[in-house]
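The amino acid sequence is not available; the structure is as follows:
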């Protein structure tokens, strides 16, 4: 996969999408308030499908580029088997801001593809993406073929305004040669086992600096993000009352205690930062795991393709992420996210747009080809078991996690991913020793998140 692909699918997702949460949501509210009813306004009856011989052009916006753009364009053109006279105009390098600007200007694409699931609440609540329920009901679409967690990150407060277009799943990677050399016989299943394996696998230089890290506590760094760790500890963001309760959560406290335990083992934050500074970029061939500087890590399924391309000699295994000792039932679960596809408000050809969305999100053959080309997890259960799906033992781990019934997505909120950024900012300060009182610090994070939620509910 290209480095462009991985930036969008990586732990940096929250850094990129926060721009939408902070800047563009207000524009969306302005653009979409009082949206008209009917197929072009996001409500009402489903627009009719085009005739089999209909001649029209469907415009699709996405952020895909380079090789990925070609893979996705080929997938979009599968629609021509049913509608041979429909042309697909796929415009890549179109981010969420450009989609928003097109909606505000009254000239949106027929179909919008977004990499940022964390912004779905804003898209849905403002009406900028149309409600797909009339189409789903009319065509009797069985959504149970999509795992619950994936269905949840493509809807907001019961409104389905998007469909999933492939998924990412975050699992556990380990270096097999290092395990054998240090007598670690199997991947850890609990955080206690992870800490013991870390101690065995870590190597220090004579001056006490880190030579090889068993498992890195740095956050945010690589795929070490609060949202990717949280499911392993059973930590959640928003309570049933719609408020943030991090300070009252023993799971969040356990997660940050574990992070500090790792930092202390390495001799403190300064030594961890010194080691981290010597690691390669996340999507370069010099990635720390690929160069034998990290023995274990959490990362997405896409890393298997990176290793094949950049470090084919590396002997590695994959497994479910280790879980908090007190929550063994969570083992076999994982964090999930993915790409979403929708019909923007004001689309000129909504009926044909829906036919395209059905093709790329529900047709098994199309999904398998996209998965093989992009090296992401296909988003329907049927595609997971299709014989044409290219599956290595390392990639199969992620398919099993996806189909295991224990996936955890980020909650869809009207504040985009502002809550994720707040928690990751706290994690960064905490590991640096700049938060003397964890509970007090988490209460400040709660207050920040709840203030943003209140402003959004009040129309701010």
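Thanks, I have it. Being a predicted model, the structure only gives us computed values, none of them experimental.

Now the residue nearest the centre of the chain: which helix or strand?
Centrality entry for the chain: nearest residue to the mean C-alpha point is residue 337, 3.0 Å, by CA atoms, centre = their mean. Secondary structure assignment for residue 337, by DSSP states H and E: strand 334-342.

Provide the strand pairings for that strand, with the direction of each partner.
strand 111-114 (antiparallel), strand 163-175 (antiparallel), strand 407-408 (parallel) (DSSP bridges).

Now do the strands in the stretch 151-300 of the chain.
155-156, 159-160, 163-175, 203-204, 210-215, 294-300 (DSSP state E, counting those that start in this stretch).

counting contacts, what elements does whichever strand or helix holds residue 398 pack onto?
For residue 398, the element it lies in under DSSP H and E is helix 393-402. Counting by 3 or more CB pairs under 8 Å, 6 or more residues apart in numbering; DSSP states H and E, the packing neighbours recorded for helix 393-402 are strand 163-175, helix 303-310, strand 316-319, strand 334-342. For every residue, glycine as well, the C-beta is placed using N, CA and C.

any idea how far that helix is from the chain center?
In this view, helix 393-402 has its centroid 16 Å away from the chain centroid, taken as CA atoms, centre = their mean, to the nearest Å.

what comes up buried for it?
Of the residues in helix 393-402, 394, 395, 397, 398, 399, 400, 401, 402 count as buried by neighbour count, 16 or more other CB atoms under 10 Å.

List the buried residues in stretch 117-128.
So for stretch 117-128, counting by 16+ other CB under 10 Å, buried means 117, 118, 119, 120, 121, 122, 123, 124, 125, 126, 127, 128.

Which residue ranges of the stretch 151-300 of the chain form helices?
Assigned by DSSP state H, counting those that start in this stretch, the stretch 151-300 of the chain shows helices spanning 176-182, 191-201, 226-233, 250-265, 269-277.

to the chain's geometric centre, what's the distance from the second one?
Okay, so that is helix 191-201. 27 Å.

Would you mind getting the angle between that helix and helix 250-265?
10 degrees (axes from the mean of the first three to the mean of the last three CA atoms, to 10 degrees).

Go through helix 191-201 and flag the buried ones.
191, 193, 194, 195, 197, 198, 201.

Verify the stated contact: the second one with residue 322.
Put plainly, it is residue 193. Yes: counting by CB atoms under 8 Å, residue 193 touches residue 322, with 6.3 Å between them.

returning to that earlier point: how about the helices and strands packed on helix 393-402 in CSV, adding mean pLDDT?
CSV is the format used below for these (pLDDT from 0 to 100):
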stretch, mean pLDDT
strand 163-175, 95
helix 303-310, 92
strand 316-319, 98
strand 334-342, 93
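
I'd like these laid out as JSON lines, including distance to residue 251.
Formatted as JSON lines, the helices and strands packed on helix 393-402 follow (distance: least, CB to CB, whole Å):
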{"stretch": "strand 163-175", "distance to residue 251": "17"}
{"stretch": "helix 303-310", "distance to residue 251": "26"}
{"stretch": "strand 316-319", "distance to residue 251": "21"}
{"stretch": "strand 334-342", "distance to residue 251": "14"}
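
Tell me which of these lies nearest to residue 283.
Closest to residue 283 of those, according to CB to CB: helix 303-310, at 7.1 Å.

Would you mind pulling the contact partners of the closest one?
1, 6, 173, 283-285, 287, 289-290, 314, 316, 318, 375, 392, 394-395, 398 (CB atoms under 8 Å, 6 or more residues apart in numbering).

now these: which count as buried?
Counted by 16+ other CB under 10 Å, the contacts of helix 303-310 give 1, 6, 173, 283, 287, 289-290, 314, 316, 318, 375, 394-395, 398 as buried.

Of those, which is the nearest to residue 105?
Among the buried ones among the contacts of helix 303-310, and counting by CB to CB, the member closest to residue 105 is residue 6, at 31.5 Å.

For residue 222, which non-adjacent residue is spatially closest?
Using CB to CB, 6 or more residues apart in numbering and skipping the chain neighbours, the partner closest in space to residue 222 is residue 282 (5.3 Å).

pLDDT value on the one you found, please?
Looking at residue 282, its pLDDT stands at 93.

State the number of residues packed around it.
A count of nearby residues for residue 282, using other CB atoms under 10 Å, gives 20.

do residue 109 as well
26.

For it, what are phi and psi?
phi -70, psi 170 (degrees, to the nearest 10).

Hmm, it is touching residue 76, no?
No: in this structure, residue 109 is not within contact of residue 76 by CB under 8 Å, at 11.9 Å.

Common neighbours of these two, please.
With CB under 8 Å, 6+ apart as the test, residue 109 and residue 76 both reach residue 60.

What residues of stretch 415-426 count as buried?
415, 416, 417, 418, 419, 420, 421, 422, 423, 424, 426.

hmm, which two among those are most spread apart?
Most distant of those, by CB to CB, are 416 and 426, 17.6 Å apart.

could you measure residue 438 against residue 246, distance?
Relative to residue 246, residue 438 is positioned 10 Å away (CB to CB, to the nearest Å).

Where is pLDDT lowest across the buried residues of stretch 415-426?
residue 416 (78).

Assumed it was part of a helix.
No: read with DSSP: H, G, I helix; E, B strand; the rest coil, residue 416 is coil and lies in no helix.

how many neighbours does the closest residue in space to residue 192 that isn't next to it in sequence have?
Spatial nearest neighbour of residue 192, excluding adjacent residues (CB to CB, 6+ apart): residue 325 at 5.2 Å. Per other CB under 10 Å, the neighbour tally for residue 325 reads 12.

now residue 174
So residue 174, with other CB under 10 Å, has 24 neighbours.

residue contacts, the nearest residue to it once chain neighbours are set aside?
Leaving out its chain neighbours, the residue that sits closest to residue 174 by CB to CB, 6+ apart is residue 296, at 4.8 Å. Listed by CB under 8 Å, 6+ apart, the contact partners of residue 296 are 172, 173, 174, 175, 187, 188, 194, 197, 198, 201, 214, 215.
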